[in-house]
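1. Give the three-dimensional model of this entry:
(chains A, B, C and D)
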There are 2 protein chains.
Amino acid sequence: MSNRGRPRKSDSGRTKKRILDSAEELFARHGFQKVSLRSITSEAGVNVALINYYFGNKVGLLDAVLERRAAPINDHRNRLLDACAERAKVTGRLDAGEIIEAYTLPLLRSDTADASNRKMQHMIGLAYSDSSLETGRAIHRIFRDVARRFIAMLREACPELSAQEFHWRLVCVFGGITYLLAEPGRVRRLVGPEFDASDKSAAIACAMPFLAAGMSAPPAPTGSKRSAKPRRKGTRRVTKTPAEHASKPTARTGSPA
Amino acid sequence: MSNRGRPRKSDSGRTKKRILDSAEELFARHGFQKVSLRSITSEAGVNVALINYYFGNKVGLLDAVLERRAAPINDHRNRLLDACAERAKVTGRLDAGEIIEAYTLPLLRSDTADASNRKMQHMIGLAYSDSSLETGRAIHRIFRDVARRFIAMLREACPELSAQEFHWRLVCVFGGITYLLAEPGRVRRLVGPEFDASDKSAAIACAMPFLAAGMSAPPAPTGSKRSAKPRRKGTRRVTKTPAEHASKPTARTGSPA
DNA sequence: GTCTATAGGATGATAGAC
DNA sequence: GTCTATCATCCTATAGAC
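-> Coordinates of the predicted model:
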């Protein structure tokens, strides 16, 4: 009679949470592909088949782990983007630096609980820097809406850039944010462990002027900078090699082409 | 008597090259982790065990594939960096934009054979955006020397930045270059396939002003930009959380901490 | 509804015959 | 130098006990 409603003390929610916690911990530490389902279930103290029972498969588990943390980040992002739009009503123009900061800050320095969010940051970073497979799709599903709003606002803030220039600079911004969040050890291997990689507030403070100045840079003044060798001709060229020299006709079904 | 010296027509070098070609093709198309050794050997028409015989294991095969293409890229980088140093003797100062371009251009637009290099670019991009595991280490071994020279020259070109500011901007530069080379489909999923992702010359032309302006931006003028909300206090803080709240003592041997 | 036990198919790696 | 056979491990799926 002590348990009215739930059938047992080891409820569905408890084991589910245990699996999610262990998966989050291990994904954040080793990355998605390196973690086996057996290591997750053994750490959680449950049976392997429960992952299939609750989440379908490994990707479903990743989705669940990410979705659990996505809402506060997206809400924070939307609030900061709202503030940018509000300020633009006064100043008459959106500021690229503020928009980038509004999109970046909630991920690198969230206002929710710190301990759990640190793990989430690392895990998102690892998922970001994963190859364009399941993890990329999971990240896309979770952040798609706010990311599109961010891109639209940033586009408004940079009207002087051509569509192509804006596109490639945007790629640089995403790459920079991704590496700020969790660069896969490459820079640290090159320069040594001089700075604390977990001090995201210092990282964001140092990187924001970089990203803002990059987006606000004049749009390729066509050879204003001095140069000794002949430059590429024009930036508006969208060349397309006619045939890709397929050396082997046995190629599989190409996914990213 | 037609074959003097080599024991058979299917020499060691021939099958070795067949394996390398197939591995390069498949790694470039699907990424390192997704490609199985059996798919490589079946495409190459050889036995599975030959990979172990020639390259030891899968990582050894990746190393061999990368090393085959590394030399011309590194040589080209060194030549362009030499030219930057030469110009600096005249102008009296290294130019950050030129240095970044010298490091980026050989990877995105090599002067060697085009067909083989396209595959190499895509493969390096996939390896770059892989998690911080074997592929990252392979990339590091191959590009370490030139990358360190690039970093040292770029540091000289930005003497007004503090060490910490330079570090995080450098992280942004590497992230941007990586995403320019092969962003894992994230931006394309967000904005659609508007621009040809393989047109690296347009990408580099549009991105260079971004990266150069970012490195040349003034070093965090401490609240010069207008802002409505209270900012973080100081950029020189290198906080370190005292304990990382290890929830489970059953954690494995942590690799990246 | 919750969970255990177990099996199928595929992977990376290796030993040993030819 | 090449190949067959085999191993341990992985993800996934399902049958059936509580």
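2. The top helix by length along chain A - contacts with which helices or strands?
-> Longest helix in chain A by number of residues (criterion: DSSP state H): helix A:58-91. Where contact means 3 or more CB pairs under 8 Å, 6 or more residues apart in numbering or on different chains; DSSP states H and E, helix A:58-91 is packed against helix A:12-30, helix A:37-44, helix A:49-55, helix A:96-108, helix A:114-128, helix A:134-157. Just so you know, the C-beta spots here come from the backbone N, C-alpha and C atoms, and that holds for glycine as well.
3. mind redoing it with 6 Å?
-> When contacts are defined as 3 or more CB pairs under 6 Å, 6 or more residues apart in numbering or on different chains; DSSP states H and E, helix A:58-91 packs onto helix A:12-30, helix A:49-55, helix A:96-108, helix A:134-157.
4. a markdown table for the ones you listed, including distance to residue B:169?
-> Output for these, formatted as a markdown table (distance: least, CB to CB, whole Å):
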| stretch | distance to residue B:169 |
| --- | --- |
| helix A:12-30 | 26 |
| helix A:49-55 | 40 |
| helix A:96-108 | 14 |
| helix A:134-157 | 19 |
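5. ok, now how distant is residue A:179 from residue A:101?
-> 17 Å (CB to CB, to the nearest Å).
6. which of the two has more neighbours?
-> Per other CB atoms under 10 Å in any protein chain shown, whichever of residue A:179 and residue A:101 has more neighbours is residue A:179, with 28 against 23.
7. So the more buried one versus residue A:23, what's the distance?
-> 24 Å.
8. does the longest helix of chain A come close to DNA strand D?
-> Yes - Helix A:58-91 reaches DNA strand D (CB under 7 Å from any atom of the strand) through A:58-59.
9. what angle do that helix and helix A:96-108 make?
-> 150 degrees (axes from the mean of the first three to the mean of the last three CA atoms, to 10 degrees).
10. Show me which residues of helix A:58-91 are buried.
-> Of all the residues in helix A:58-91, those buried under the rule 16 or more other CB atoms under 10 Å in any protein chain shown are A:58, A:61-66, A:69-70, A:72-74, A:76-78, A:80-81, A:84, A:87-88.
11. what do you get for stretch A:96-110?
-> Buried-residue list, stretch A:96-110, by 16+ other CB under 10 Å: A:96-110.
12. same thing with stretch A:34-47?
-> Buried, per 16+ other CB under 10 Å, within stretch A:34-47: A:34-35, A:37, A:40-41, A:43-44, A:46.
13. just the residues you listed that are near DNA strand C?
-> residue A:46.
14. Redo the buried residues of stretch A:34-47 as TSV? Include pLDDT.
-> Below are those laid out as TSV (pLDDT from 0 to 100):
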residue	pLDDT
A:34	85
A:35	92
A:37	97
A:40	97
A:41	97
A:43	95
A:44	96
A:46	96
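15. closest to residue A:145 among the buried residues of stretch A:34-47?
-> When the buried residues of stretch A:34-47 are compared for distance to residue A:145 (CB to CB), residue A:35 wins out at 28.1 Å.
16. my read: the closest one touches residue A:28, true?
-> No - with contact defined as CB atoms under 6 Å, residue A:35 does not reach residue A:28; the gap is 9.6 Å.
17. Point out the residues in the stretch 151-257 of chain A that sit beside DNA strand C.
-> So the stretch 151-257 of chain A never meets DNA strand C (CB under 7 Å from any atom of the strand).
18. in the stretch 151-257 of chain A, which ranges drop under the pLDDT threshold?
-> Within the stretch 151-257 of chain A, the ranges that satisfy pLDDT under 70 run A:221-257.
19. how about the helices in it?
-> A:163-182, A:186-191, A:200-216 (DSSP state H, counting those that start in this stretch).
20. Please export the C-alpha coordinates of the shortest one as PDB.
-> Only the C-alpha atoms of helix A:186-191 are listed here, as PDB (Å, rounded to 0.1, in the frame of the first residue of the first chain):
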ATOM      1  CA  ARG A 186      44.200  19.600 -32.400                       C
ATOM      2  CA  VAL A 187      45.100  23.100 -31.300                       C
ATOM      3  CA  ARG A 188      46.000  21.900 -27.800                       C
ATOM      4  CA  ARG A 189      48.400  19.300 -29.400                       C
ATOM      5  CA  LEU A 190      50.000  22.100 -31.400                       C
ATOM      6  CA  VAL A 191      50.400  24.700 -28.800                       C
END
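21. before we move on, back to that, the helices and strands packed on helix A:58-91: which one's closest to chain B?
-> With CB to the nearest CB as the measure, helix A:134-157 is the member of the helices and strands packed on helix A:58-91 nearest chain B (5.1 Å).
22. got the angle for the closest one vs helix A:163-182?
-> Going by the same axes, to 10 degrees, helix A:134-157 makes 130 degrees with helix A:163-182.
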